[in-house]
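**Q** could you look at this predicted model? Sequence included:
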Amino acid sequence: MVNIEESNDKSLVGHTPKVPVARAAMRSQDHAEARDLGQEKAAKVFEINGLHAYYGDFCALRDVQLDVHQSEVTAFIGPSGCGKSTFLRCFNRMNDLIEGARVDGEMRYHGLDLYDQNIDAVEVRRRIGMVFQKPNPFPKSIYDNVAFGPRIGGVKKSELDNVVEKSLRRAALWDEVKDRLGDSAYGLSGGQQQRLCIARAIAVEPDVVLMDEPCSALDPIATARIEELIAELKTQYTIVIVTHNMQQAARISDRTAFFSVEVSDSGRRTGQLVEIDRTEQIFTNPEDPRTEAYITGRVG
Amino acid sequence: MTPLNAEDLRTAPGRRARSAGARWLFLFASIATIGVSCLIVWTIASEAWTFASQVEGSQLQTIGWFPRRGMFDLSTLLVNSAQISVVAMLVAVPSGLAAAVYLSEYAHPKTRRVIKPTLELLASVPSVVLGVFAISFITPAVLSRFFEDINFFNKLAAGIAVGLLVIPLIASISEDALRAVPMALREAASGLGARKVTTTLRVVLPAAVSGLMAAIIVGFSRAIGETMVVTIASGGGDTSLFDLSLQESGGTITSAMAALGFGTDQVAGNDLAFQSLYFLGALLFLITLGLNFIGNAVVRRMQERY
Amino acid sequence: MSLLSNPAQIAQRATDSLQLKRRNDVWGTTFKVCLFALTAFAILFLAVLIGVMVVDGWPVLSNRLSVFLSQGFSQRSAGDAGVWQGIIGSLQIALTTAIFAVPIGVATAVYLVEYAEGSRFARVVELNIRNLAGVPSIVYGLLGLTVFVKTLSGLTQGKTVLAGGMTLAAMVLPIVVITSVEALKAVPSGIREAAYGVGATKWEVVAHQVLPASMSTILTGTVLSLARALGEAAPLILVGAATGFLSFGDANFMETFTGPFTALPVLIFNFARQPGEDWSANAAAASVIILVLILMINGTAIYWRNRLEKKW
């Protein structure tokens, strides 16, 4: 499906990534396929209806309705404080860990209500992985970082080496660390640590990978590598990414959701979904004037 | 993609059970710590009550503390405890506070690196060793020069030794309090042209006063609760005549307890002697608890003002 | 001085006053000297203390150190007494104390930090711990006598190492909790989040990530508090540490835990009570030995703490 040799994207001049250069080629192929398949035929992984998120009495996010589709990159953009990260953490029930956090409304994962009482949040988090804003590897060796998830999931010792190698390869980190798997993860650079966190997340074979501003703490070169990685990963995982960088969303996502913030009289900020559409639509012809104001930079 | 059931989203039951069980384990441990308090109170209360209810008033106001003869003059012990603790404070507060101020405001990093560990070393000296120090050095070599008739076992030496014990405690709590004063306050004072001594005395110390008071109260509480130094250096644990002179020996609440607990199996004579051990324990417990409570209250009151 | 001066006069007055201040800051210098003197007083006394102990104990330390370290303490003549039983007893007690205090203390800290943070229950537990930390050691001796020696005599067999260790464990418990709570709070929350993020249960997050990350700090804090407990005599005296006579008989190592015992600080107390210069020398020599032991333990713990210090 992907034609590597035909890429002659001039924007990559001077930048020599170790990952096969395929972005531009892949994207044009995907768009062609999507158009062929019909936009809505791609299976829905998440269906969200009327979702509200509260911290105690404070409503952080109001009435969200959107769908996330299989094997796509869905980006959430918007000004700071609009609840994008809060919303992202609803997907894998990470907000459960925060005292007083509460979710109303419906969030369906493959048809199943994620917030039903019978659902085990621990298994949810295995299937829906997360990569955080600041790389947070465990204070252990590179091997043990990746092996942690599979180990507690019951993978046998004999299998662990394979799982670790597979994950590190998929995260485009294997070649750089294969000779020093026993070294501390803290010895890696920021970009490498983040790729390690990605490897750690995919080691438990999730279905979805959530990314909360994964590149905001990284330099531009490391950022570019992660973006290429995301383009590769989406063939196997569904990716939802929060980013404060519009251009990043434009570069790597298939669908983009724009969130905005409402300031109440008392100064409370409540986020809400303004618009969600295919990325080219959002960035070339948005429907809502607020989206357009944000895209064109008239509002921050 | 077929829809999922709730059953598909289940963690292995073993893992869930372990996590639930672990929670109970940790909870029980926390409850155990509360249990220790309850045990202490329970231990002391019933025997202390027995003593309090059975002792006669006349026994509480005699010439001294002679438990095996049925003479339980509490004032002897209380006065001795107070005297020794006050002497200890007179030794510990100036030195401890000075060390804290010096370390926090004046000392070079190199000097700090020497003084702080030394104070920590002083803090780890066992109280028995300080007791030995009192009778082998403080009394014969120091006090005898000033007081000719001083008893070999005397309260003054005990007080000084307890003071030495408490210096590091006061120094460390005070230093924390001083370091907590924001740098901005010192800078503001210097900016107005104040000398270091003025800044320290008029700005930093008043700002840290709640912490310093807490240090003194904690130090006093520690001094009152000290047992081995006074048992060795001040004598009078078994029996104490009421005597205000610091040059004489005298038992404190703590040394009386040590003496009573010593030969619990061989307690002869008055039955209440054994229960008096618990009564003294209750007294000591209440005094130190009360001091800690006052200390916390003072700290909170002072913090509100700022 | 007139308020209306020209710039030159203002400048002159300023430099005059600066020079004045520099010359006459007698008070400032005096204050600093006083502070230093009072601080030095404490250090001086420590030096004198160590010096006196070494000097007084020199006859023992120089002439018969090996005898001193290997003999029992209940002898008629001071020249034959030794601290062997005290050292053994102290080490056994320290071990017992650690076995009881560390699991309960660390588990309590885990509950406070990981499960009940901010709750009313946590506040009650913390208040209780703070109060317990201020209770004098001899009161713990009372607790030990009543509960561990008498009530639980079936388990501890009365006045034994076991009872003494449990008593000191109760005494050291608050410090272990406080140190462990600090260590656990120092673990960055990102690590917990990452562990939950790959689908770990709470127990797995605590056991596989949080505790290992904080263990070095917890251990060094525990060792330091055990070193402090090593010097405690009062609670052990109440619990029945032998001060007059002690014989192990034919007991093997495990049995000595439930047999009569003594401890090094108790021996020092015992030696100090006996009249005569020879016993004073014994007391001083034993003091030197306990100081050396404590110094070694503290030093090792601090060394390990510095080496294992996590740089998040």
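**A** Cool, the structure landed.

**Q** can you tell me what sits against the helix or strand hosting A:Glu280?
**A** Assigned by DSSP states H and E, A:Glu280 belongs to helix A:279-284. With contacts defined as Cβ atoms under 8 Å, 6 or more residues apart in numbering or on different chains, helix A:279-284 is touched by A:31, A:75, A:246, A:249-250, A:253-256, A:258, A:275-276, A:291, A:295. All C-beta spots, glycine's among them, are computed from the backbone N, C-alpha and C.

**Q** ditto for stretch B:83-97
**A** Residues contacting stretch B:83-97 (Cβ under 8 Å, 6+ apart): B:155-156, B:158-160, B:162-171, B:174, B:212, B:215-216, B:219-220, B:223-224, B:226, B:230, B:234, B:244, B:246, B:250, B:252, C:38-39, C:41-42.

**Q** these in helices, which ones?
**A** B:155-156, B:158-160, B:162-171, B:174, B:212, B:215-216, B:219-220, B:223-224, B:230, B:234, C:38-39, C:41-42 (DSSP state H).

**Q** so where do the helices sit in the stretch 201-312 of chain C?
**A** Assigned by DSSP state H, counting those that start in this stretch, the stretch 201-312 of chain C shows helices spanning C:202-205, C:211-230, C:234-239, C:253-256, C:264-273, C:277-307.

**Q** least reliable of the ones you listed going by mean pLDDT?
**A** Ranked by mean pLDDT, the helices of the stretch 201-312 of chain C bottom out at helix C:253-256, which scores a mean of 74.

**Q** may I see the buried residues of that helix?
**A** Neighbour-count burial for helix C:253-256, counted by 16 or more other Cβ atoms under 10 Å in any protein chain shown, picks out C:Thr256.

**Q** got the residues of the stretch 151-300 of chain A near chain C?
**A** A:152-153, A:186, A:197, A:200-201, A:203-204 (Cβ under 8 Å from any Cβ of the partner chain).

**Q** circling back to that earlier point, out of the contacts of stretch B:83-97, which are buried?
**A** Buried among the contacts of stretch B:83-97 (16+ other Cβ under 10 Å): B:155-156, B:158-160, B:162-171, B:174, B:212, B:215-216, B:219-220, B:223-224, B:226, B:230, B:234, B:246, B:250, B:252, C:38-39, C:41-42.

**Q** now the residue nearest to C:Pro103 when sequence neighbours are not counted: which helix or strand?
**A** Leaving aside its chain neighbours, C:Pro103 sits nearest to B:Ala29 (7.4 Å; criterion: Cβ to Cβ, 6 or more residues apart in numbering or on different chains). Using DSSP H and E, B:Ala29 maps to helix B:13-54.

**Q** helices or strands next to that helix in the packing?
**A** On a contact count with 3 or more Cβ pairs under 8 Å, 6 or more residues apart in numbering or on different chains; DSSP states H and E, helix B:13-54 meets helix B:272-305, helix C:84-110, helix C:120-133, helix C:137-143, helix C:161-185, helix C:202-205.

**Q** chain center to it: distance?
**A** The chain centroid and the centroid of helix B:13-54 are separated by 24 Å under Cα atoms, centre = their mean, to the nearest Å.

**Q** partners of the helix or strand following that helix, with directions?
**A** Per DSSP H and E, the first helix or strand lying C-terminal to helix B:13-54 is strand B:64-66. Here strand B:64-66 has these sheet partners by DSSP bridges: strand B:71-72 (antiparallel), strand B:240-241 (antiparallel).

**Q** so what's the nearest residue to B:Asn292 once chain neighbours are set aside up against?
**A** Nearest non-adjacent residue to B:Asn292, counting by Cβ to Cβ, 6+ apart: C:Gly134, 4.5 Å away. By Cβ under 8 Å, 6+ apart, the residues touching C:Gly134 are B:218, B:221, B:288-289, B:291-292.

**Q** neighbour-wise, give me the winner out of those residues.
**A** When neighbours are counted by other Cβ atoms under 10 Å in any protein chain shown, B:Ser221 leads those with 24 neighbours.

**Q** pLDDT score assigned to the residue lying closest to that residue once chain neighbours are set aside?
**A** Leaving out its chain neighbours, the residue that sits closest to B:Ser221 by Cβ to Cβ, 6+ apart is B:Leu291, at 4.2 Å. Predicted confidence (pLDDT) for B:Leu291: 92.

**Q** then A:Ile98?
**A** The model's pLDDT for A:Ile98 equals 88.

**Q** the residue lying closest to it once chain neighbours are set aside and A:Gln133, how far apart?
**A** In this structure, A:Ile98 finds its nearest non-sequential neighbour in A:Tyr55, 7.1 Å apart by Cβ to Cβ, 6+ apart. Per Cβ to Cβ, to the nearest Å, A:Tyr55 is found 19 Å from A:Gln133.

**Q** got it, and C:Val181?
**A** From C:Val181 to A:Gln133 the distance is 28 Å (Cβ to Cβ).

**Q** which residues touch A:Lys178?
**A** Per Cβ under 8 Å, 6+ apart, neighbours of A:Lys178: A:165, A:168.

**Q** let me see the backbone angles for it.
**A** With angles defined as degrees, to the nearest 10, A:Lys178 sits at phi -60, psi -20.

**Q** state which one residue of the stretch 151-300 of chain C is found closest to chain A.
**A** Nearest residue of the stretch 151-300 of chain C to chain A, counting by Cβ to the nearest Cβ: C:Gly199, 2.9 Å away.

**Q** quick check: pLDDT value at B:Gly263.
**A** Reported pLDDT for B:Gly263: 58.

**Q** hang on, the earlier thing: in the helix holding A:Glu280, what counts as buried?
**A** For helix A:279-284, the neighbour count (16+ other Cβ under 10 Å) marks A:279, A:282-283 as buried.

**Q** for stretch C:63-76, same thing?
**A** Buried residues in stretch C:63-76 (16+ other Cβ under 10 Å): C:64, C:68, C:71-74.

**Q** now flag whichever of these is closest to chain B.
**A** Ranked by distance to chain B (Cβ to the nearest Cβ), the buried residues of stretch C:63-76 are led by C:Phe73 at 14.0 Å.

**Q** distance check, B:Ser85 against B:Asn154.
**A** Applying Cβ to Cβ to B:Ser85 and B:Asn154 gives a distance of 15 Å.
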